[in-house]
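K.L.:
The following block contains a protein sequence and its predicted model.
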Amino acid sequence: MLHQVDLADFSALSSHALTPMLAPHSVALVGASRKRNSVGNDMIRNIIASGFDGAVYPVNPSYAQLYGYACLPSLADLPKPVDLAVLSVPNRVLEHVVMETIAAGARSLVIFGSAELEGNAALRDRIAALARAAQVPICGANCMGFFNPRHPIRAFSAFHPEPLEVGGLTLIAQSGSLLQALLFNDERLKFNLAISTGQELVTTAADFMDYSLDQPETRCIAMVLESIRDPQAFVAALQKARDHSVPVIVLKLGRTEAGAHFALSHTGAIAGNAEIYEALFRRFGVISVRDLSELAATAILLSTIRKPLAPGGLSAILDSGGERELIVDVAFDCGVPFAQINSETTNILADTLDHGLTPVNPVDAWGTGRDFEGVFETCLAALMRDPDTGLGMFVADLSEELDLHAAYVDVCLAVARAADKPLVVMTNYSAWSHRKHAVRLARSGIPVLDGTVSSLRAVRHAMDWRDFMARDMIQDATTVNPHAAHWRAVLADRDEPLSEDEGYALLTDYGIPVPRHRIVTSRVEAVAAAVELGLPVVLKTATPGILHKSDVGGVRLNLRDPEAVGEAYDTLAAKLGDRVLVCEMAKGQVELALGLVRDAAFGSFVMVAFGGVWIEILKDSQLAMVPLDHEVAARRIAALKMAPVLDGVRGAPPCDREALINAVVCLGALATDLGDLIGDLDINPVLVGETGVIALDSLIVPLAKGASNVY
């Protein structure tokens, strides 16, 4: 019979269910071994090297003693239940050992093995079910375990003899190799927790993030993710991180894999898995990085600085004109703005710099070398005091072989002590030897970042985090559209797409402008409708089931007289059926598209894109997670590559951007009310002109009955 863990046991230890795992007082090492270079040997040597001062119980019938610890023949011989059991056993016996461990009262597990056996595909599921039934969290399977240097303990499968200097960075990685790359190779990264989560059979990255956010020393969380296995918990953890003012950095792997496809619409064709994640990350201020170097640089920056970024841009000082040109170019590519220094700062620079050097930001401060320490300190201090400086940067390719660079370090330390803003040091070339300088600076809250691109991208991320924290969080709508109940009933009862006139009615009820229109079933009705609406008009087939009308010749544009309307009706009726939509001919100058993307894990997202019929070629789109507000809609529109077209080109007047923003916000409200019932929504084209916006065509497909939209 399995031992049922009393939840009161957890409460006695901590308010968090992962405390028995990550900060245990007793550990069983199942499969501990004396055999060198084996996981069983590495795990016990790691426990010893960590300085863990709790009870340790090696379990292996082959030994009477291991490294000074009495070795137990079985889990049944434990004197009392342990907080943590670390399992280094073959997959063939893993299920049995998990059952024994839970029966012995272990409060948490680490499983190094892959939990895979040929012909036994359900092994993982059975192990997970055992742990869930007993309310026992698991790190793994197929993980490397974790380091908690603050506790301290290492439940890790690869031996590492050196101690880790404790800091405020939590690292959570679904890839053990990438975790090791960051954990052991850079002294500037100082951890309070590092976890290889593996398959996450029971306990997910979100759960570990939640635990980390309860630790007061956590200043930054870095994550390497292949997938998000508990979306609701992940979103809750992101919200908690925002509430605690803790930045989250994510390297999302598998970015180029195709996401969910929505075969009926253009929307799904250009919105993939990576875009969904990026929209989710934007909503919660997650810093999304492209590679390990960028992750490391951003983590070093955010976990080292002790002063918040101020409003404003980057102020930098260098000893090279060529390097100034380099960082200006790269900063432009990375979107890093330089501070617009004021006249007071400019005058100090002019009075201090050698003749021929220009008092501008970034500052090339190396002239003759006369009193270079005084020159650099005075100029850098002036830059740091400037009201438009958000953070300062000293750019030098540090080497421990040059006394000059030791002097630069002294300058940075002196300026940083008096500044109320963070100061960073950047090297353009990461292979220079400057370990001692970097460690010395980091201890005073000055990070040293290597590599021009990754460093400046880290600065951009820090600015984005600052700006995100300065904004109010989007609130759920307090009122529901009065038409929502009607449309929920319509969508819940339908399998086929809404007709175009129904789509127009839905969009109108949510404040999205549509053309005036009429449904007709004869030539006489078509001509009368055209005269009533005002020529010129557009005729479109309204036969049910035709989703992309232009693809089948179902659209006739710019019909300027009754005879043309009649002839167009006859052609459409003969070819596609007598049900036809007559619309006014709308005016505008730029074609965009709006749409909804429904993700089974994270819900509804609003898409805005350029293109009309060229939408899939241009692939110029942006996604926003709902609910959204005016500010979010404006930022996503501004982020489109072709957004300047909205301001007017080649003499054209500027478009009504405010009307477009409002349409995106209205579509977000529609998604909030009805998104769980909509499988697909595509509004294309949306015509934007000088005096407004109008949705010309729509495709709205109810969610297929029986399809899951629970997230």
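P.N.:
In hand now; what should we look at? Residues are numbered from 1 along each chain as shown.
K.L.:
residue ranges with poor pLDDT in the chain?
P.N.:
Across the chain, the ranges flagged by pLDDT under 70 are 1-14, 256-272, 431-432, 477-478, 705-711.
K.L.:
Walk me through the domains of it.
P.N.:
1-144, 164-304, 307-470, 516-584, 590-702 (automatic domain parsing).
K.L.:
So for Pro497, which of the ones you listed sits nearest?
P.N.:
domain 590-702 (4.7 Å; C-beta to C-beta). Where C-beta positions appear, they are placed from N, C-alpha and C, glycine not excepted.
K.L.:
Now the terminal residues of the closest one, how far apart.
P.N.:
29 Å (C-alpha to C-alpha, to the nearest Å).
K.L.:
ok now it, how far from the chain's centre?
P.N.:
21 Å (C-alpha atoms, centre = their mean, to the nearest Å).
K.L.:
Kindly report the same for stretch 472-480.
P.N.:
Taking mean C-alpha positions (C-alpha atoms, centre = their mean), stretch 472-480 and its chain are 22 Å apart.
K.L.:
Check which residues of that stretch are buried.
P.N.:
Ile474 (16 or more other C-beta atoms under 10 Å).
K.L.:
Then stretch 113-133?
P.N.:
Buried residues in stretch 113-133, counted by 16+ other C-beta under 10 Å: Gly113, Ser114, Ala115, Leu117, Leu123, Arg124, Ile127, Ala128, Leu130, Ala131.
K.L.:
what secondary structure does the second one sit in?
P.N.:
The one in question is Ser114. Following DSSP: H, G, I helix; E, B strand; the rest coil, the label given to Ser114 is coil.
K.L.:
Could you check how far it is from Leu123?
P.N.:
Plainly put, Ser114 is 9 Å away from Leu123 if you go by C-beta to C-beta, to the nearest Å.
K.L.:
cool, the last one as well?
P.N.:
Distance, Ala131 to Leu123, by C-beta to C-beta: 13 Å.
K.L.:
Then Val30?
P.N.:
From Val30 to Leu123 the distance is 17 Å (C-beta to C-beta).
K.L.:
With Asp578 instead?
P.N.:
62 Å.
K.L.:
before we move on, what about Trp465?
P.N.:
Distance from Trp465 to Leu123, by C-beta to C-beta: 42 Å.
K.L.:
With Phe602 instead?
P.N.:
Taking C-beta to C-beta, one finds Phe602 at 30 Å from Leu123.
K.L.:
Would you indicate which residues of stretch 37-52 are buried?
P.N.:
Quick answer for stretch 37-52 (16+ other C-beta under 10 Å): Val39, Gly40, Asn41, Asp42, Met43, Ile44, Arg45, Asn46, Ile47, Ala49, Ser50, Phe52.
K.L.:
Now do the same contact list for the fourth one.
P.N.:
So that's Asp42. Phe156, Ser157, Ala158, Phe159 (C-beta atoms under 8 Å, 6 or more residues apart in numbering).
K.L.:
can you tell me which of these lies nearest to Thr101?
P.N.:
Taking C-beta to C-beta as the measure, Thr101 lies nearest Ser157 of these, at 17.1 Å.
K.L.:
in terms of contact, does the closest one touch Phe112 like I think?
P.N.:
Yes: between Ser157 and Phe112 there is a contact at 4.7 Å, judged by C-beta atoms under 8 Å.
K.L.:
okay, those two: which has more neighbours?
P.N.:
More crowded of Ser157 and Phe112, by other C-beta atoms under 10 Å: Phe112, with 29 against 22.
K.L.:
Tell me who's in contact with the more buried one.
P.N.:
Val39, Met43, Val86, Leu87, Ser88, Gly140, Ala141, Asn142, Cys143, Met144, Gly145, Ser157.
K.L.:
center of this protein, which residue is that?
P.N.:
Phe281 (3.0 Å; C-alpha atoms, centre = their mean).
K.L.:
can you pull out the helices in the stretch 351-500 of the chain?
P.N.:
372-385, 403-418, 435-442, 452-470, 484-492, 500-509 (DSSP state H, counting those that start in this stretch).
K.L.:
Turn these into CSV, including mean neighbour count and distance to Gly356.
P.N.:
Formatted as CSV, the helices of the stretch 351-500 of the chain follow (neighbours: other C-beta atoms under 10 Å; distance: least, C-beta to C-beta, whole Å):
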stretch, mean neighbour count, distance to Gly356
helix 372-385, 21, 13
helix 403-418, 18, 21
helix 435-442, 19, 29
helix 452-470, 21, 26
helix 484-492, 15, 69
helix 500-509, 19, 64
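K.L.:
closest to Met642 out of the ones you listed?
P.N.:
helix 452-470 (22.2 Å).
K.L.:
what sits against Ala64?
P.N.:
With C-beta under 8 Å, 6+ apart, Ala64 has these contacts: Ala70, Cys71.
K.L.:
now Ile305: how far from Pro247?
P.N.:
Ile305 is 11 Å from Pro247, by C-beta to C-beta.
K.L.:
ok, those two, which is more surrounded?
P.N.:
Using other C-beta under 10 Å as the criterion, Ile305 and Pro247 rank with Pro247 on top: 25 against 22.
K.L.:
That one and Ala49: what is the separation?
P.N.:
Counting by C-beta to C-beta - Pro247 and Ala49 are separated by 31 Å.
K.L.:
just Thr218 next, same as before
P.N.:
24 Å.
K.L.:
cool, Asp125 as well?
P.N.:
In terms of C-beta to C-beta, Asp125 sits 35 Å off from Ala49.
K.L.:
what does Val110 give?
P.N.:
17 Å.
K.L.:
Trp428: how many residues sit nearby?
P.N.:
Residue 428: Asn, not Trp. Neighbours around Asn428, by other C-beta under 10 Å: 20.
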